[in-house]
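In: missing the sequence, but the structure's below:
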């Protein structure tokens, strides 16, 4: 410690002397000049496949004696929820670590703590994901537990009842959170009741109450299949070592027919409408503004990434600078394209102080219109550098690398996708940004969902006259006068 302090003092002395002598000056009125983006070359990805169809994606990373295993089950996501069983995919994933045929939930938790590993299961719209983070010294024991959780979930009634009660409590709590109400209503309004994306991944009180362990077992059998899964492995391993260990543990996993991913298109967007949901006494108004966006397979991915970075993807984006820095209406205003297997939503969002709800809407619409104009070269270059220079930070650990490979698995991206990322961003022009902004951000055809105190904000919203006002309930459904 003493040596570090002496070194620090010496360095401070050198800097001070240089400054006093005029040899080094720092202009604090300007931000540092960003250098050119570095060339990114990630370790090679080795692929293997077991006879039962389980695919392996292996990246050697020998800096530390650690390894991460991420199992991506392509059919285990929320889009596969049966119409009357909303939330079954999420509950099925949640139950994987709640007991197996040979281990109770407490025994699994105890072994995780004893081994010093991380083990968890979750689901999103497109997949179920089971992840393991382990020191190499505990590899065999950790993999045995990982395989047991994946292959032999027990779905015991007593464990399910405990998990279900927690889920129902969470669903009740969501009704008191304006942000959750806005998210749920926005999805329902954009996609409608017949589209999976119009539902809550957690399900509803009715669907969760009516669910049984048989529903979870049925969903598990239909979707957790080796020929519907890929295991990502990153760490202090070799491909032959991984293949041998995984074959021993997962080789007996039986194939089955894979249910195709199909559902109808989202409803056609109508003219811009304000959907107002009353939350009496709310100090803020929750905004969700947008439309149905694009799937991850879109050819416009890189142009949209740059355009959205300018609009609302970073702290220095237009929405943030306008609504937060210039006007002080909100702590944060953002936008994003949630790209999934099918077209997910484009959303601009903020929590705006109630007294400025109408003014906040005016500024949102101003920026959504302005992004359709040509962006200045300086702003374009800043957005491109942000995306390029921040990308390497997502690959610092084995866990980060494994997580970054999930989209490669889910959306069929090329194995060298990240190696060409910097160049693909660099190739985006002003014309590209303007084209995608005009194609995918249409101010005349937006759903504007606002959750707030109707009594205090409705008259101001009418005066703004952005579009007709439709009063909705917490679930986005029309309220009959």
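Out: Happy to help now that I have it. Note that the structure is predicted; figures quoted are calculated from it, not measured.
In: C-alpha from now on. contacts and neighbour counts both.
Out: Will do.
In: Residue 103: neighbouring residues, count only.
Out: Using other CA atoms under 10 Å, the number of residues around residue 103 comes to 19.
In: That one and residue 228: what is the separation?
Out: Relative to residue 228, residue 103 is positioned 26 Å away (CA to CA, to the nearest Å).
In: was I right about residue 468 contacting residue 274?
Out: Yes. Contact criterion CA atoms under 8 Å: residue 468 and residue 274 qualify, at 6.0 Å.
In: Comparing the two, which residue is more hemmed in?
Out: Set residue 468 next to residue 274 and count neighbours by other CA under 10 Å: residue 274 wins out with 22 against 12.
In: Give the bridge partners for that one, please.
Out: Per DSSP bridges, the residues bridged to residue 274 are residue 448, residue 469.
In: That one against residue 451, yeah?
Out: No. Using CA under 8 Å, residue 274 is not in contact with residue 451, being 10.5 Å away.
In: Show me where this structure has its strands.
Out: Secondary structure of the chain by DSSP state E: the strands cover 46-49, 55-60, 66-73, 118-123, 128-135, 229-235, 273-278, 284-292, 330-337, 345-353, 447-452, 469-472.
In: ok, now which ones touch residue 60?
Out: By CA atoms under 8 Å, 6 or more residues apart in numbering, the residues touching residue 60 are 43, 44, 234, 235, 236, 237, 238, 239.
In: ok, and the closest non-adjacent residue to it?
Out: Leaving aside its sequence neighbours, residue 60 sits nearest to residue 235 (CA to CA, 6 or more residues apart in numbering; 5.4 Å).
In: again, but for residue 269
Out: Here the residue nearest residue 269, using CA to CA, 6+ apart, is residue 445, at 6.3 Å.
In: and the one you found, what does it touch?
Out: 269, 270, 271, 272, 273, 291 are the contacts of residue 445 under CA under 8 Å, 6+ apart.
In: about what we covered before: filter the contacts of residue 60 down to the buried ones, ChimeraX style.
Out: Burial among the contacts of residue 60 is assessed by 16 or more other CA atoms under 10 Å; the matching ChimeraX selection reads:
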select :234,235,236,237,238,239
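In: Quick one, grab the pLDDT at residue 416.
Out: Listed pLDDT for residue 416 reads 92.
In: phi, psi of it?
Out: Dihedral pair for residue 416: phi -100, psi 20, per degrees, to the nearest 10.
In: Show me how this protein divides into domains.
Out: The record's domain split for the chain, according to automatic domain parsing, is 46-250, 273-472.
In: where does the residue nearest to residue 269 fall, phi/psi-wise?
Out: Per-residue torsions, residue 445: phi -140, psi 70 (degrees, to the nearest 10).
In: returning to what we had before: for the contacts of residue 60, which one is nearest residue 89?
Out: residue 234 (26.3 Å; CA to CA).
In: Could you pull up the residues touching that closest one?
Out: 58, 59, 60, 61, 67, 68, 69, 398, 399, 401, 402.
In: what does the model give the nearest residue to the fifth one once chain neighbours are set aside for pLDDT?
Out: Okay, so that is residue 67. Leaving aside its chain neighbours, residue 67 sits nearest to residue 235 (4.0 Å; criterion: CA to CA, 6+ apart). pLDDT, residue 235: 97.
In: ok, now how distant is residue 235 from residue 65?
Out: From residue 235 to residue 65 the distance is 7 Å (CA to CA).
In: first to last residue in stretch 186-196, what's the distance?
Out: End-to-end distance of stretch 186-196: 13 Å, with CA to CA as the criterion.
In: ok, now stretch 289-301?
Out: By CA to CA, the extent of stretch 289-301 from end to end equals 20 Å.
In: Grab the nearest non-local neighbour of residue 464.
Out: Closest residue in space to residue 464, ignoring its immediate chain neighbours: residue 358 at 6.5 Å, by CA to CA, 6+ apart.
In: residues contacting the one you found?
Out: 457, 460, 461, 464.
In: Report how many residues lie close to the first one.
Out: Same thing as residue 457. For residue 457, the neighbour count with other CA under 10 Å is 20.
In: Show me what counts as buried in stretch 78-86.
Out: Using 16+ other CA under 10 Å as the test for burial, stretch 78-86 gives 78, 79, 80, 81, 85, 86.
In: Out of those residues, which is nearest to residue 123?
Out: Nearest to residue 123 among the buried residues of stretch 78-86 is residue 78, at 7.2 Å by CA to CA.
In: distance of that closest one from residue 129?
Out: Distance of residue 78 to residue 129, given as CA to CA: 12 Å.
In: Find residues that contact each of the two.
Out: Counting by CA under 8 Å, 6+ apart, the common neighbours of residue 78 and residue 129 are residue 123.
In: Point out where the protein drops to low pLDDT.
Out: Applying pLDDT under 70 to the chain picks out residues 1-24, 481.
In: one more time with 80, if that's ok
Out: 1-25, 31-35, 38-40, 261-264, 480-481 (pLDDT under 80).
In: Contact partners for residue 196?
Out: 78, 79, 80, 81, 83, 263.
In: Let me have the residues you listed in TSV, extended by distance to residue 51.
Out: Shown next, in TSV, are the contacts of residue 196 (distance: CA to CA, whole Å):
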residue	distance to residue 51
78	28
79	28
80	26
81	29
83	34
263	31
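In: correct me, but residue 239 touches residue 49?
Out: No. Taking contacts as CA under 8 Å, residue 239 lies outside contact range of residue 49: 11.3 Å.
In: returning to what we had before: and the residue nearest to residue 67, how close does it get to residue 397?
Out: To residue 397, residue 235 is 9 Å away according to CA to CA.
In: again, but for residue 473
Out: From residue 473 across to residue 397, the span is 44 Å (CA to CA).
In: Now do the phi/psi pair for residue 475.
Out: Main-chain torsions, residue 475, degrees, to the nearest 10: phi -100, psi 10.
In: Surely it is in contact with residue 180?
Out: No. Assessed by CA under 8 Å, residue 475 is found out of contact with residue 180, at 10.2 Å.
In: picking that back up, can you tell me which of the domains of the chain is nearest to residue 34?
Out: Closest to residue 34 of the domains of the chain is domain 273-472 (CA to CA; 7.6 Å).
In: First residue to last residue on that closest one, what's the distance there?
Out: Domain 273-472 end-to-end distance (CA to CA) = 12 Å.
In: Check the offset of that domain from the chain's centre.
Out: Distance of domain 273-472 from the chain centroid (CA atoms, centre = their mean, to the nearest Å) equals 14 Å.
In: again with stretch 243-250
Out: 30 Å.
In: Just the residues contacting it, thanks.
Out: Contacts of stretch 243-250 with the rest of the structure, by CA under 8 Å, 6+ apart, involve 48, 50, 56, 144, 147.
In: Please convert the buried members of these into PyMOL selection syntax.
Out: PyMOL command restricting the contacts of stretch 243-250 to the buried ones, with burial defined by 16+ other CA under 10 Å:
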select buried, resi 48+50+56
